[in-house]
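S.K.: Attaching a predicted model along with its sequence, questions to come.
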Amino acid sequence: MLERSAPGSKRDGDAVAPALVVFDPSSGAISYVNGEATALFDLRDDRLPVTRVSELLPELANLTPRNFTTVLRTRRGDRGLAVKLEHLKGGSFARVGAMLATIDVVVSTITPEAEHRRDARPEPAPEPATTLLDLAPMLRPASRLEALWNLVVRSNVRGSEHIRALLLEGAQGLDMENAALARLEGEDLIVEFAEPLEEAGTRTSLDRSVARAALRRAGTFAVLDTNRDREFAAVAPGIRSFLSAAFRIGDNSWVLTFSSGRARESPFGDEDWRYVDDLIEALSRGLERRESDAQIERLAYNDALTSLPNRIALLRRLDEAIAEADALAGRAAVLFLDIDGFKGVNDTVGHRGGDIVLAEVAERLRGTLRREEYIGRLGGDEFAIVMPRIASGTEIESIAQRVAAVLTFPFGVDDSRFSLSASIGVAIYPDDAANRDDLLACADAAMYAAKDDGGSRVRFRDTAAAFGTGAQQAPHGFAGDQRDATYLLCYQPILDLATGRVSSAEALIRRVHPLHGLLAPERGWSIAVDEPGRRALDRWVLREASAQARSFAAAGIAIRIDVNLAAFDLREIDALLEDPESAEDARRLRVELATEQFQDPEQAAKILGFVQHCAQHGIGLCLDGFDGGLGTLSSLASLPIDAIKLERQLIEGVGSSRTSRAVVEGSIIVAKSLGWSVIAKGVENGTQQDTLLALGCDAVQGFFVAHPMTAVDLGTWLRDRRFVGREA
């Protein structure tokens with residue numbers, strides 16, 4: 001007897017909760033079932049007699065997110081199931097990337113009364129057993145074209161998963177068992193997509209394929225029983241019926257084939273062929289969109305020289321690793337790698353030869369990593385590795401050993417041979433930092449500490465307590481409390497796009513910690529906690545930066561230095577200007593102002609006096625952190641500033657987002673109409689820089705140009721690259 005029901009359902013017409021199964025897509029291991037799933041699959045006392053989800057339903061071996069129907073055969077009868085398979089965000093019981101199967105019982109051959117009958121009275125004569133063919137009409141959608149249309153238009157699945165979902169829908173719509181989409185390459189067919197999935201990737205000679213007739217003759221071709229067709233009887237073992245349709249996309253020939261291990265009783269009709277035409281149209285669009293998306297992905301997220309993921313892709317993967325660590329209460333790590341001795345490669349074989357070596361380095365590093373270890377190129381000879389789900393420091397040490405092994409083997413360019421090594425800095429989330437940006441800064445600092453120790457080694461962010469409980473004291477003042485740290489200024493160069501030279505650099509405060517090495521200031525504390533401390537900080541920054549500007553000028557490197565202040569006290573400016581020599585140095589500085597400083601009337605009056613005083617004495621001024629609010633520029637139009645700096649968040653999408661591009665372009669136009677030059681901060685790739693140049697931006701600053709570096713390193717960097725600006 002057929003009856004719509006569900007395990008544990010009540011007979012009062014109330015809605016029945018679906019069965020839920022959560023499983024790991026990499027292994028198929030079940031991580032969660034609810035009570036309805038326990039009853040449906042007879043998993044008693046919450047003990048799972050199965051270890052893989054495919055043992056519950058074979059269709060769940062295919063990880064394509066989709067809706068499908070199937071039949072569950074049990075000892076007591078059959079149940080028709082409607083299943084929704086989707087990705088599940090990480091939570092309390094599922095790791096990131098888990099799959100959720102939501103299962104509704106739509107047709108059952110068992111009544112609840114029969115299931116629970118326990119008396120000893122004779123059973124009535126059983127009704128004929130319900131078969132899959134009996135259940136199929138009740139499970140199948142009202143219209144296969146409607147089902148196909150819903151999949152094409154309303155589905156949020158894209159790329160390869162979308163293609164496989166279309167193949168599954170087509171196989172069901174044509175009542176066939178298997179589906180394959182193959183591309184013709186020479187005289188071979190390469191199966192790009194298949195259901196079942198195991199067939200994907202196979203390569204077959206066209207002469208040994210049932211699809212040859214469609215490709216070479218009719219375009220569409222079907223055989224209802226290969227046992228009655230001598231041409232295909234020997235070619236297709238295991239295939240009794242098939243339908244093939246050939247089509248072209250650009251220069252490529254494709255063939256869609258549906259097959260079955262049983263002969264087909266009725267021929268394909270005109271509606272079937274029209275359905276196949278609709279399928280081909282949907283597949284063609286899916287393939288074209290997949291190729292377009294892949295090309296955009298390659299341009300946006302791949303490094304052109306090494307084909308590794310670029311910095312943007314690395315940041316996305318690191319965000320995912322951090323989210324996974326939060327969901328699982330685990331740890332993630334990021335490793336910064338800098339190739340030791342690479343400057344000698346460029347000096348010996350030139351930059352072309354250096355590029356060859358870098359490409360080989362990338363290929364070796366890619367080959368030595370495991371599947372879950374994600375590597376990308378930051379720029380120059382710097383790489384980074386993201387490690388999700390780490391349990392101990394030995395996993396990181398293992399990477400270091402593998403990296404050392406592949407780099408030691410000589411690299412060859414022409415007649416030259418090189419053996420290289422790497423300095424590796426490690427930061428661990430959440431032990432070393434609470435967010436992505438701070439984690440990257442910690443790894444960067446640890447990498448520079450490894451280089452300062454002589455290179456070819458690994459430095460953890462906290463070498464005394466990797467994965468331990470080592471505490472870090474925060475300084476409570478500036479200059480007066482040096483128990484755990486000293487300070488220095490690092491400089492990040494700003495590249496003039498019109499001349500290709502560096503005309504300025506931003507001075508950034510860094511801590512030099514005896515245990516942790518060179519670190520950026522962390523959030524949650526200030527190195528200047530009161531007004532006297534802020535004044536002392538400004539005094540030190542102004543004198544350090546002006547003295548360094550003088551040293552650069554004496555060495556023939558005339559650049560302007562941007563400084564960030566804390567107190568904005570006129571007395572510190574006057575003290576610098578009292579000495580004629582330091583007064584000249586002060587005019588090589590440019591003070592950065594924040595837009596929010598002008599929002600509070602009381603603070604704005606103080607800052608305005610400071611601004612006018614600096615302008616009167618030839619000290620430059622720059623508006624920092626502009627976020628695209630054009631009203632802000634209008635309200636500050638009267639300020640005697642030289643330039644504005646566009647915030648990093650504006651620049652991130654300028655090469656790929658029309659909205660970001662429009663906001664940046666509008667900001668540049670307004671700023672230039674006010675006589676200000678425009679500097680873009682946070683530039684991380686060539687696409688961003690090229691777009692900014694086309695929009696009229698004057699200068700760029702960011703990791704694509706250079707990382708912050710010590711004054712000595714900046715001088716060497718500028719001389720090596722001949723990025724020296726004219727005398728200011």
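M.R.: Good, I have the coordinates. What you are looking at is a predicted structure, and each value in this text was computed from that prediction instead of being measured.
S.K.: got the domain boundaries for the protein?
M.R.: 19-139, 146-299, 308-471, 488-728 (automatic domain parsing).
S.K.: what residue is smack in the middle of the chain?
M.R.: Centroid-nearest residue in the chain: residue 316, 2.9 Å away (criterion: Cα atoms, centre = their mean).
S.K.: quick one on the thing from earlier: with mean pLDDT added, can I get the domains of the chain in JSON lines?
M.R.: As requested, the domains of the chain are exported to JSON lines (pLDDT from 0 to 100):
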{"stretch": "domain 19-139", "mean pLDDT": "68"}
{"stretch": "domain 146-299", "mean pLDDT": "82"}
{"stretch": "domain 308-471", "mean pLDDT": "82"}
{"stretch": "domain 488-728", "mean pLDDT": "82"}
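S.K.: Tell me where the stretch 401-550 of the chain has strands.
M.R.: 411-413, 416-418, 421-429, 458-460, 486-496, 501-513, 517-519 (DSSP state E, counting those that start in this stretch).
S.K.: And the stretch 551-700 of the chain, by the same measure?
M.R.: Remark: strands assigned in the stretch 551-700 of the chain by DSSP E, counting those that start in this stretch are 560-564, 589-594, 620-626, 643-646, 677-681, 699-701.
S.K.: Switch these over to CSV, and while doing so, append mean neighbour count to every line.
M.R.: (Each C-beta comes from the backbone N, C-alpha and C, glycine too.) Shown next, in CSV, are the strands of the stretch 551-700 of the chain (neighbours: other Cβ atoms under 10 Å):
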stretch, mean neighbour count
strand 560-564, 22
strand 589-594, 21
strand 620-626, 21
strand 643-646, 24
strand 677-681, 24
strand 699-701, 24
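S.K.: okay if I get those as CSV plus distance to residue 503?
M.R.: Shown next, in CSV, are those (distance: least, Cβ to Cβ, whole Å):
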stretch, distance to residue 503
strand 560-564, 7
strand 589-594, 11
strand 620-626, 12
strand 643-646, 11
strand 677-681, 10
strand 699-701, 7
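S.K.: what about those strands, which gets the closest to residue 551?
M.R.: Nearest to residue 551, of all the strands of the stretch 551-700 of the chain, is strand 560-564, at 10.9 Å by Cβ to Cβ.
S.K.: my guess is residue 192 meets residue 185, correct?
M.R.: No: counting by Cβ atoms under 8 Å, residue 192 stays clear of residue 185, with 10.4 Å between them.
S.K.: Neighbour count: the two, which is higher?
M.R.: Neighbours per residue (other Cβ atoms under 10 Å) separate residue 192 from residue 185, with residue 192 holding more: 16 against 12.
S.K.: Compare the strands of the stretch 551-700 of the chain and give me the one nearest residue 321.
M.R.: strand 677-681 (25.5 Å).
S.K.: what's that closest one in contact with?
M.R.: Contact with strand 677-681 is made by 494, 622, 642-648, 650-651, 654, 664, 667-668, 671-672, 688, 692, 696-702, as judged by Cβ atoms under 8 Å, 6 or more residues apart in numbering.
S.K.: what pairs with that strand, and is each one parallel or antiparallel?
M.R.: Paired with strand 677-681 in the same sheet, following DSSP bridges, are strand 643-646 (parallel), strand 699-701 (parallel).
S.K.: and stretch 216-234, which residues are buried?
M.R.: 220-224, 226, 232 (16 or more other Cβ atoms under 10 Å).
S.K.: what about it, start to end distance?
M.R.: End-to-end distance of stretch 216-234 (Cα to Cα, to the nearest Å): 19 Å.
S.K.: what comes into contact with that stretch?
M.R.: 206, 210, 213-214, 235-236, 239-247, 263-265, 267-268, 273, 276.
S.K.: let's go with 6 Å and repeat that
M.R.: 210, 213-214, 236, 239-246, 263-264, 268 (Cβ atoms under 6 Å, 6 or more residues apart in numbering).
S.K.: how far out from the middle of the chain is that stretch?
M.R.: Centroid separation for stretch 216-234 versus its chain: 46 Å, with Cα atoms, centre = their mean, to the nearest Å.
S.K.: Stretch 409-421 now?
M.R.: The answer for stretch 409-421 is 33 Å, by Cα atoms, centre = their mean.
S.K.: Give me the distance between the two termini of that stretch.
M.R.: 10 Å.
S.K.: Could you list the buried residues of that stretch?
M.R.: Residues 411, 413, 418, 420-421 are the ones in stretch 409-421 that count as buried (16+ other Cβ under 10 Å).
S.K.: neighbouring contacts of stretch 577-591?
M.R.: Residues outside stretch 577-591 that contact it (Cβ under 6 Å, 6+ apart): 545-546, 549-550, 560-563, 576, 614, 617-622, 728.
S.K.: export it as CSV, just CAs?
M.R.: Written as CSV, here are the backbone C-alpha positions of stretch 577-591 (Å, rounded to 0.1, in the frame of the first residue of the first chain):
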residue,chain,number,x,y,z
LEU,A,577,62.6,74.9,13.6
GLU,A,578,64.7,76.8,16.2
ASP,A,579,67.9,75.2,14.8
PRO,A,580,68.6,76.5,11.2
GLU,A,581,70.0,73.1,10.2
SER,A,582,67.1,71.1,11.5
ALA,A,583,64.7,73.7,10.1
GLU,A,584,65.9,72.8,6.6
ASP,A,585,65.4,69.2,7.4
ALA,A,586,61.9,69.8,8.7
ARG,A,587,60.9,71.1,5.3
ARG,A,588,61.6,67.6,3.9
LEU,A,589,58.8,66.3,6.1
ARG,A,590,55.1,66.0,5.3
VAL,A,591,52.6,65.7,8.2
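S.K.: buried residues in it?
M.R.: 577, 582, 585-591.
S.K.: Closest one of the residues you listed to residue 449?
M.R.: When the buried residues of stretch 577-591 are compared for distance to residue 449 (Cβ to Cβ), residue 589 wins out at 29.4 Å.
S.K.: Which strand residues bridge the closest one?
M.R.: Beta-bridge partners, per DSSP bridges, of residue 589: residue 561.
S.K.: Over to residue 377?
M.R.: With DSSP bridges as the rule, residue 377 is bridged to residue 383.
S.K.: Could you pull up the residues touching it?
M.R.: So residue 377 contacts 303, 306, 308, 383 (Cβ under 6 Å, 6+ apart).
S.K.: surely the third one meets residue 361?
M.R.: Just to be clear, that refers to residue 308. No: the pair residue 308 / residue 361 is not scored as a contact, 10.0 Å apart, by Cβ atoms under 6 Å.
S.K.: what's the overlap in contacts for these two?
M.R.: Common contacts of residue 308 and residue 361 (Cβ under 6 Å, 6+ apart): none found.
S.K.: now for the buried residues of stretch 216-234, which pair is the farthest apart?
M.R.: By the measure Cβ to Cβ, 220 and 226 form the most distant pair in the buried residues of stretch 216-234, at 16.9 Å.
S.K.: and residue 282, that's in a helix?
M.R.: Yes: counting by DSSP: H, G, I helix; E, B strand; the rest coil, residue 282 falls inside a helix.
S.K.: Compute the distance between it and residue 254, please.
M.R.: Distance of residue 282 to residue 254, computed by Cβ to Cβ, to the nearest Å: 13 Å.
S.K.: One more: residue 276?
M.R.: Distance, residue 276 to residue 254, using Cβ to Cβ: 13 Å.
S.K.: part of a strand, is residue 254?
M.R.: Yes: under three-state DSSP, residue 254 falls within a strand.
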